[in-house]
Each structure stands twice: as C-alpha cells, then as structure tokens.
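In: 3D, please:
(3 chains)
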Amino acid sequence: MTASAPTLPRPRSRRLARRALPYLLSLPALLVCIGILVPFFTAVWYSLERYNLAMPMMRSFVGPAQYLDLLTDPDFWQTVKVSFIYAAATVGIELLLGLGIALLLREQSRLNNVVSVVLLLPLMTAPAIASLMWKLMTNPNFGVLSWLVSLLGVHDFRWASDPRTAMFTVVLVDVWVYTPFMMILLLAGLRSLPRQPFEAAALDGVPAHFVFFRITLPMLSPYIITATLFRLLDSIQQFDIVYAMTQGGPGDALMLFQVRAYLDFFQYTNVGTSAALMVILWAITYLLSNLFIKQWLKLRERTHHA
Amino acid sequence: MSGLRLHRLSVRFGRSLALAPLDLEVARGEVVVIFGPSGAGKTVLLRAIAGLLPEAEGEIWIGGEELSAQGPERRRVGMAFQNFALYPHLTARENIASPLRARRLPPAEVEARVGEIAALLRIGHVLDHLPRALSNGQKQRTALARALIGRPEVLLLDDPLRNVDAKLRYEMRLEFPRLLRESRAATLFVTQDYREAMALGDRVAILREGRLVQCAPPAEIYDHPADTAIARLFGDPPINLLPAARRDEGGRIRVTVAGAALDVPALPPGMAHFRLGLRPEALIPLPTAAPEALSVRVIAVTPLHERTVILGHAPDGSEIVASLPRRDVVPGEILHLRPDPARLLFFDAESGERIAAHTPLAEAVS
Amino acid sequence: MRKVLRALALGAVLVFFLFPIFWIVLMSFQTNEQILRLPPSLLFTPTLANYRALISGHLVTAAGVLDITFLRNLGNSVLLSTASVLLSLLLGVPAAYAFARFRFRLGEDIAFTLLSFRFAPPLLVLLPLSLYFQDLGLNDTYAGLIWVYQLICLPLILWIVRGYFEDLSPDIEYAYQVDGHSWGQAFRRIALPLAGPGIAAAGLLAFIFAWNNFVFALILASADKQPVTVGALAFVTASGIQYGQIAAAIVLSILPTLALALYAQRWLVEGLSLGAVKG
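Out: Next up is the predicted model:
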C-alpha cells in the first residue's frame, strides 16, 4: 500500500514507539512513586496493628483501636498542642519578619542585592547543624547568648533546657533558618508587582500606610498565601531542629509529631502507635498540601500569563 | 508525481475535528496560499504535513512517496514557523546550516551553500550573530534561509511575514515570488492577509473552520468567490452585498436592488430573492440618471492612488461603496452608477453561497 | 531620619542572621580555654589545632586519645549528595521533559503523587522502609541511601526542570526535527542546552537539600555511612567538652553549601522561587 523505500522504518513500529515514549521517559519517576507508595501503605497497615518489635509474638490486627487510644491519651494531645504552637509561632514570626525584610530590600540596588544574597546563608545551613550552632551559643557555661542575656540582668536563663523557654529557643532557631525563605519568595513577589498603581499613588500623594494596606498587601497576597502554606507544611512536621536540640525534651515540652513517632519507634519499638501518629500527621498535611497546591497552581498560572 | 499530494488528510483532537478530510495537489514550483481567519486550521494543516501532529490521518505523498507514517525528519520538507523558532543558542550561520548538518554534508559544501543563501537573502553580515542580536527582519530571513537551504521537496511557510514590520513586509512580498520560484519546491504559504494571498499565490486555498471552502487562482477567487464570506474577505474597498429581488416584466428579467431596477441578461432559474454582489470598481458612473443606474448621494470621499473611493446612500438608504476613476467628487453630490452587468454576482440569500448565472454571463467574464 | 531607621533595621537584620555563623567560625579557631573565658573576647591568637585534630582523626582529650571519623562523615556527605543528584538528574530530566511535552494521563498522576508526597511527613515512609531495608540487606549500603535520597532530589528536579521545559517553545525542537534530526538529537542538542540553567539550578538546589538532610540518614544509615548532619550530632556527644572541635566540625559541615550558595546565588534564588512559585 505504501511506496516507502526499504530504509524507512515500518510505520507501525514508529507509531508504537511514539506512543510509548512519554511512558519510557517517566519510568524512573514511576519507580520512585512506587517506592513511596509501598511503604506508605505498609505504614497505614501497621497503624491498624498492635505491633511492637520487642514483642513480635503479640502482633495482631486491631483495626482503629490504636487511633481511639490515641484520642484519649493526654500525651497525644500534648503532641498536637506543641506541634500547632510551634507551627503557628514559627510561621507567624517568619511571615512578619520576612515581609519586613523584603520591604526593606525592595528597591533594586547593589547593597540590597548583596544583603539578600548574604541572607541566604542561614537557609543553606542544615537545620540540624543550625541547632548545634545555637546550642553552642546558648551553653550555660560559655555561650555568648547566655552571657549577653546575663548582661541584661537575666541570670540563669536556661534556654532549651528549661521547659518554660524550650519552645522559645527552638522557635528562634527555626526563625533564623527559615525566615530567609519567606523573604526570598516575598521579595520575588514584590519585585514582580506592576509599577503603575504605586506610581499613581505617589503622584496623588496617598499616605504610605494606605498604600501598604490597600495596594501592596492585596496585590502580594497570593505570594503571601503560597509562602505561608508552604512553610506551614514544613513546620508542622519539624524534626531536625528539635531532635538535634533537645530530642523532644525537656520532659515532653517539645514532643512534636515526628519526634514522638521517632521515639515511639526506636526507643519503645512500638511500630503500631508510631505509624498511627504518622498517619494522623499525614492526614493533616494532606489537607494543607491540597490547599497549598491549589494556591500554588493559581499563582503559577498568573506568573505564566504575565 | 513529484511535489505534494494530500489525500483525505484530516486531524482530530479528541472529539473536535481540527481539519476535515482534505485533498490537495501542489506541483513543484507552484505556490498555494492557505488563507483563512485564525483558528481555521491553517497551521494544523502545515504541521500535519510536516509530521508534527501524531493525530493526523490520511495520505501524504511527497515526491511520489507516501510518508504519513514517517517522522518529520524523513519528510524532506522545509518549514518556516510563524514565531521563527530559531535555535537561540546557535549563531545564524549554524541555524541555517542545520538541515545540511543533519545530512552530514562536508563542511566545505555547508559553508558554500550557507554563504550562497545568505547572500540571496542579504543576511551575510549577521551570520555570526546569535538570534537575540538579530532584528525581526533578520530573524525572519534566517528562518527562511533555514527552510530553503535543504532544497526541500515541499516548502511550508507559516505566516512568515506576520511578525515583521510593515515596510519589510512590503519588501518581502515583492521578493517572495522570485525566491519561491527559485526554490522549485511545492510551496504552501499560510497567511491571513488577502493582499499577500493575491500577490503570492498561483492558487489560493481558503480554509474555514477546518474545511477547504475554495481553491482557485487569485483572480478566480476575486471574480467568483464561493460565498459572501469569501467575497467580503477579498477586496479592498469591500464588496457591496445588497438584498435583491427578481422581477419579470413581459419577457425582460429585471432585478430590483436598493431602489433601482436593473436589466440583467440572465438569472439563475427559480430565484426570487437573493443577494447581489457588486464590486466597487464594477460601478460605472453615468452622466445622467438612467433606469439601470443607482442614484447615490455621496457621504464621504477618499482619494486612493489613481482612483477615488466614495461611500454613498442609495435611495432606499443602503450604503454603497464605489471606486471610480480619479475625479473630483464632493459630499452631497448625486452620482448615477450603473452596475456592469457582466460582473454581477448572485448569492443565495440564506446560505450565502454563490449561484452561477446562465452561460452568457459566465462567458462575459474573464 | 527615614534613612537612618532603614540603615538601623538593615543592620539589625544582618547581625541577627550572620552573627551565629560569624561566632561559630571564631570559636573554631579558639582553644577551649579561650572559649570558656568570660566575657568573650574578639581578640585572641587563632589556633588551627581544632581543624588539625579533625583532619588527622585523633582527638587528644584529658581522658586520652579519641579516634574521630568526622572526615569520613564529610566524605559520605560528598558521596551521597553528589551521587544522588547525578542519579536524580539522569532519571528526572527525561521525565520532566515528558511531563512538559506530552499530555498523558499517567504523567499527571505521577507528577501529583510526587508533589503530594513532597509534603508528606518523611517518617511515615521512613519507618516502614527501615524494616524493609533490613530485610533487603540495604541498611548498610550507599546504594540504599542514594535510592532513598531520590525522594528528596527527584521531586525537586522534576518540578523545577519541568517549568523550564514548559517555557521552551516546542516549535524550536520541531524545527530541528524538520531539519532532518531525530527526536533524540533534538532533545540532546536543543532542549537540554536550552533548559541548561534550569537544570543547573535544580541540581544545585537538590545537592544542598541532600547535603542538609538529616532524618533519612539518621534512620537508615549505619555509623560508617553517615553524612555530616548525623555525624556532627554523634560527634557532639562523643567529644564532650571539646567545644573548639565541635565548632570546627560545624564549620566544615556547612562550608560546602554556603560556598555553593555564594558562588551560584543567582541560580539558587531563581531555583528557590521557581521551585515554590513557578514550578
């Protein structure tokens, strides 16, 4: 039927190859997907089992019993409480601070660009290592921050080792590490805003606070929402900073979700409850991430069409 | 047959038919202009021929071989994209040389042929620039050089003049016929500009909503458009399309239009009401009123080249545009315009399709 | 007045964010006696003893000589991060291209699964994985860790590089194919070089994320495969009160990422904001 020369590939095989191409190209990503999904379902299964590594004989399927136990366990509610306090405090402070710094650096100038680059450094520090740095600085014997605080008349300020100030200390480290992230996103957003409304406002002599609340903030809000949701997702799952600083202590003052699950698993070898905890955290992050992805796709759409 | 032959070529995206089955033959050295509004399927047609749309169905014969199952790299086509699609990281020289490099021609020959085509298109002095350093006109010529250099069997030009300025567009319109003739390719030239279509096409193929509605030489399209839409698209100033009715007066066939009654030599049978198409230059001014002339009160006058274009009102109020030999006309003046009986066009009142008049009329044309 | 306030605010910001790094670097050049002196002083004769001890692997303490494996941790970090990013690029760039260029059902599903798991708690997957790793014999291998590190690197590369490919007009690749080149040639010589900056930005960011990761290696790596993030924590416990050495270890752990960040800051900022905002 065709008059093609013998050197040409057979039409059928070519069409087939073309069809298969996208699948071949994304095969590795698919394998990684499976690599995540298998342990994910295993974890869900564990959460329905009474399963302690130290007592393998006792392993049994208990259905939702573990979740019900958790709901009546005051330790669990302590975890929920500190996790949410941690997330709210870190994200709230980082948002305000990041927005303030972004506004300071808004104009393109050599100095501002150098500062914004230098401010990346904390973000490039591993959070676990950052905790160690702050641990050295808050050491009661020689820590420079302890010394500074004592100059202010506060003696015996025990930072992370005191249940009353432990939360403050880890939030401080989180703020140090992650505020630059907020700043970069908001700065990118600020610099991408159209100039005309601001020029018009300047011409009309509109007062600065009015410009900020009525023009800047509403126009920046998609960026603010995206950045906040992103940070919230990370913060509710914080592990590195808290684990490296206090391992969840003192007492259970910093027993965040992932810290508790880690200790349940490795210290108490209680696979079942640790999995149930993680599934609950997963449900929370799933809701948050859906919100985030929606916002983010909207913003992406906007920047693509700009 | 060499050149290009399409047999029932169609493209379907999901449930929507982007290109209805289409037959077209283009000989080597012939230029067929693909004309139509945006979204009509012009680019889809070109991409289907080039092998860029896996959704395409039907036969594509290029140089006597059926190549619809082959990839774009085996189809021996040259293509210029509307947005130029130059390789931003390669110099103009390497952009142009790309089709020859693909065939692994010896460097000396590549060099010689790039020099030759660059001289022809007058871009020899910018060959070592990257595309971002080129003006729009130079980009366009580079893209054209890349399409031509491989001496393709089929040349596909997707609105190559769209993104260049008016002056360059004018110059290129004058240059294209020679370039295309020398390329000896079967050329499909997409455009939305009717002047380009008239100036460059040996034939013009009109696409509308994915369908080929007319394919004919430019003069034929102008004189015998397939329907009122095409009649409107071709021609500036635009054609007058007026409701008209047939009246038999004792053996004489007359047409009443815009308050006048015209004698016509013939009319298609069975037509009572229709639309009459009058090209502006087919209205001949008479010194005095006459029954077969429209009396038009002039509203606006535009001198245009060696002609004068007027807009006026017929007695019944319909607007009439006429293009007259250069003369002084003032608004308010009454002109007596006689439609040239040989150039009357009849269209179905409902569908807008042209209805051929009787043979005497058809012979009178040409 | 406004200018002064602005300068003060900027100064305070710089002090807050840079002082910890500055201070730890100072400490790393101090002896324990100098560190313990109160009030702290900026004036001291710097010593390289801390770094020498770390690099030689022998730590002399009051209790005796202690062998430290910190340099091995550093080597592990280099190996794990580099290998993970290279593998991720090898696997991720073609997939990112497929997601950008071809609209296919499975593609959207994969992209969405990876994205939603980018935000899922890592321990959810890691705890069962640690049991699987023992069964599969992967718990003491670099290969197992590099594979798991794909969870960090691959989504990042997929999403950033995909955005870059989507911004490239497909016509440019089509033109190359019409010129007579195969699909593979168009991918290698047109799409890849043009997405180069995006691939570099994504690779850089993935490297930094892999380097800074803590929890994956904490759970899955045996002592001799641990990267610096985990190693440093162990080192703090082991070295007790050798604060100078701890500071030096911290400096060595963060030096590579900070140097990379300063060297390629333009790409990094682009990658970070693209990664979060644009995709």
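In: Residue 183 - how many residues pack around it?
Out: Unless you meant another one, I'm taking chain A. 27 (other C-beta atoms under 10 Å in any protein chain shown). Yep, even glycine has a C-beta here, placed from its N, CA and C like the rest.
In: To clarify, I was referring to chain C.
Out: Neighbour count for C:Trp183, taken as other C-beta under 10 Å: 17.
In: Please determine how far the closest residue to it other than its chain neighbours is located from B:Ile221.
Out: Spatial nearest neighbour of C:Trp183, chain neighbours left out: C:Gln177 (6.5 Å); criterion: C-beta to C-beta, 6 or more residues apart in numbering or on different chains. Distance from C:Gln177 to B:Ile221, counting by C-beta to C-beta, to the nearest Å: 34 Å.
In: returning to what we had before: need the contact list for the residue nearest to C:Trp183.
Out: B:Gly51, B:Leu52, B:Gly71, B:Pro72, B:Glu73, C:Trp183, C:Ala186 (C-beta atoms under 8 Å, 6 or more residues apart in numbering or on different chains).
In: So it: helix, strand or coil?
Out: What DSSP: H, G, I helix; E, B strand; the rest coil gives for C:Gln177 is helix.
In: OK, contacts around the residue of the stretch 151-300 of chain B found nearest chain A?
Out: Per C-beta to the nearest C-beta, B:Glu153 is where the stretch 151-300 of chain B lies closest to chain A, at 14.0 Å. Listed by C-beta under 8 Å, 6+ apart, the contact set of B:Glu153 reads B:Ser2, B:Gly3, B:Leu4, B:Arg28, B:Ile62, B:Gly63, B:Arg76, B:Val77, B:Ala185, B:Ala186.
In: Which among the residues you listed count as buried?
Out: B:Gly3, B:Leu4, B:Arg28, B:Ile62, B:Gly63, B:Arg76, B:Val77, B:Ala185, B:Ala186 (16 or more other C-beta atoms under 10 Å in any protein chain shown).
In: Which single one of those is nearest to C:Leu86?
Out: Lowest distance from C:Leu86 to the buried ones among the contacts of B:Glu153 (C-beta to C-beta) belongs to B:Val77, with 39.0 Å.
In: what's across from the closest one in the sheet?
Out: B:Val154 (DSSP bridges).
In: Go ahead and confirm it touches B:Ala48.
Out: No - applying C-beta atoms under 8 Å, one finds B:Val77 not in contact with B:Ala48, separated by 11.2 Å.
In: if we can go back for a sec, pLDDT score for the residue of the stretch 151-300 of chain B closest to chain A?
Out: At B:Glu153, the model reports a pLDDT of 92.
In: from what I can see B:Val257 touches B:Arg247, true?
Out: No - using C-beta under 8 Å, B:Val257 is not in contact with B:Arg247; the gap is 10.4 Å.
In: Between the two, which is the more surrounded one?
Out: Taking neighbours as other C-beta under 10 Å, B:Val257 and B:Arg247 compare with B:Val257 leading, 23 against 13.
In: Spit out the contact partners of that one.
Out: B:Val257 neighbours (C-beta under 8 Å, 6+ apart): B:Leu242, B:Pro243, B:Ala244, B:Ala245, B:Leu276, B:Leu294.
In: Poorly predicted segments of chain C, please.
Out: Low-confidence segments of chain C (pLDDT under 70): C:59-67, C:238-241, C:270-279.
In: quick one, domains of it?
Out: Chain C breaks down by automatic domain parsing into domains covering C:2-67, C:70-273.
In: A strand includes C:Asn73, no?
Out: No - applying three-state DSSP, one finds C:Asn73 to be helix, outside a strand.
In: pretty sure it contacts C:Ala232?
Out: Yes - C:Asn73 is within contact range of C:Ala232, at 7.3 Å (criterion: C-beta under 8 Å).
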